[in-house]
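J.: After the sequence you'll find the predicted model.
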Amino acid sequence: MKLILLGAPGAGKGTVAKLLTELDGSVQISTGDILRGAVQAGSDLGKQAEAFMNAGDLVPDELIMGIMEKRLQEPDCAKGFLLDGFPRTIPQAEQLKTLLEKINIKLDMAVNIDVPKDVILDRLSTRRTCSNGDCQAIYNVKSNPPKQEGKCDKCGSPVIQREDETKEAISHRLKTYDEKTAPLIGFYDKENMLLTVSATSSDDVINAIKGKLAS
Ligand code: AMP
């Protein structure tokens, strides 16, 4: 399957994407994971992105499009891909449309995961992430803590609160979402590609997507 996952930070895009990869071998492409990996590796991309990310601001469109133009043409994308956190602005969506036409790829749909704001705020402030850039497993201190406190179940690295998940950065990220990313819902609706799922359970989101793909 070839999907865009839309939704505010904390809506569950990453969790849904990981579950969907198990269905048919589609790959999850998270621009946030790619950027955090680059910051940790200290690469040029990481150096250019870090200050924007820590402030909860979006990284410039040119940087993101440079990453995605290459990533979408890698061989593992042939089976399908789940775009998690991209596109995030109208210019990114327009440039993605042009790019996909150029490389002859057709998307199935854009899924808008719609979750109430109070749930989002609670999830983001209790979320913890594995600090290993190659792992980035996600935990939640309330609903899904690591077996050993502060240590990743998968790779043993420290599990931390992301720098952009402090109270101030969260509220800035949500404001940025409302201003820059929420307009994509209208964009994909006009393209006749939108599926909105109002659900807090990832299983409900997966079932809605499966149902739509089968119809
Ligand atoms: P995420 O893990 O998807 O919440 O992304 C973390 C941060 O990475 C965001 O707050 C942005 O600073 C940056 N980022 C991720 N994806 C994008 C994108 N498509 N466009 C611009 N910035 C992005």
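T.: Yes, it's here. Numbers count the residues shown, from 1 in each chain.
J.: mind listing what's buried in the one helix or strand Asn207 maps to?
T.: Taking DSSP states H and E as the definition, one finds Asn207 inside helix 202-214. Within helix 202-214, the residues scored as buried using 16 or more other CB atoms under 10 Å are Ser202, Val205, Ile206, Ala208, Ile209. (Glycine included, C-beta is placed from N, CA and C.)
J.: which one among those residues gets closest to Met109?
T.: Of all the buried residues of helix 202-214, Ile209 has the smallest distance to Met109: 8.1 Å, by CB to CB.
J.: The ligand versus the nearest residue to Val115 once chain neighbours are set aside, what's the distance?
T.: Closest residue to Val115 apart from its sequence neighbours, by CB to CB, 6 or more residues apart in numbering: Ala11 at 4.6 Å. Ala11 sits 10 Å away from the ligand, going by CB to the nearest ligand atom, to the nearest Å.
J.: try Leu58
T.: 4 Å.
J.: ok, back up a step: measure how far the helix holding Asn207 is from the centre of its chain, please.
T.: Relative to the mean C-alpha coordinate of its chain, helix 202-214 is positioned 18 Å out (CA atoms, centre = their mean, to the nearest Å).
J.: Now do that helix, average pLDDT.
T.: Average pLDDT, helix 202-214: 95.
J.: what's it packed up against?
T.: helix 13-24, strand 109-114, strand 194-198 (3 or more CB pairs under 8 Å, 6 or more residues apart in numbering; DSSP states H and E).
J.: Show me the one of those that comes nearest the ligand.
T.: helix 13-24 (7.3 Å; CB to the nearest ligand atom).
J.: Return the distance of that closest one from the chain's centre.
T.: For helix 13-24, the distance to the chain centre is 11 Å (CA atoms, centre = their mean).
J.: Note down every partner strand of the following helix or strand past that helix and its orientation.
T.: As assigned by DSSP H and E, the chain's next helix or strand after helix 13-24 is strand 27-30. If you go by DSSP bridges, strand 27-30 pairs up with strand 81-84 (parallel).
J.: who's in contact with the strand it pairs with?
T.: 1-5, 13-14, 16-17, 20-21, 26-33, 72 (CB atoms under 8 Å, 6 or more residues apart in numbering).
J.: Kindly export that strand (C-alpha atoms) in CSV.
T.: Extracted C-alpha coordinates of strand 81-84, given in CSV (Å, rounded to 0.1, in the frame of the first residue of the first chain):
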residue,chain,number,x,y,z
PHE,A,81,5.3,2.9,1.8
LEU,A,82,3.6,4.7,4.7
LEU,A,83,4.5,8.4,4.8
ASP,A,84,4.6,9.3,8.5
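J.: Say whether the ligand is contacted by that strand.
T.: No: judged by CB under 6 Å from any ligand atom, strand 81-84 stays clear of the ligand, getting no closer than 6.8 Å.
J.: roughly how far out does that strand sit from the chain middle?
T.: On the basis of CA atoms, centre = their mean, strand 81-84 sits 8 Å off its chain's mean C-alpha point.
J.: tell me the strands in the protein, going along the chain?
T.: 2-6, 27-30, 81-84, 109-114, 127-130, 138-140, 159-160, 194-198 (DSSP state E).
J.: Can you list the helices and strands that the fifth one packs against?
T.: With contacts taken as 3+ CB pairs under 8 Å, 6+ apart, strand 127-130 sits against strand 138-140, strand 159-160.
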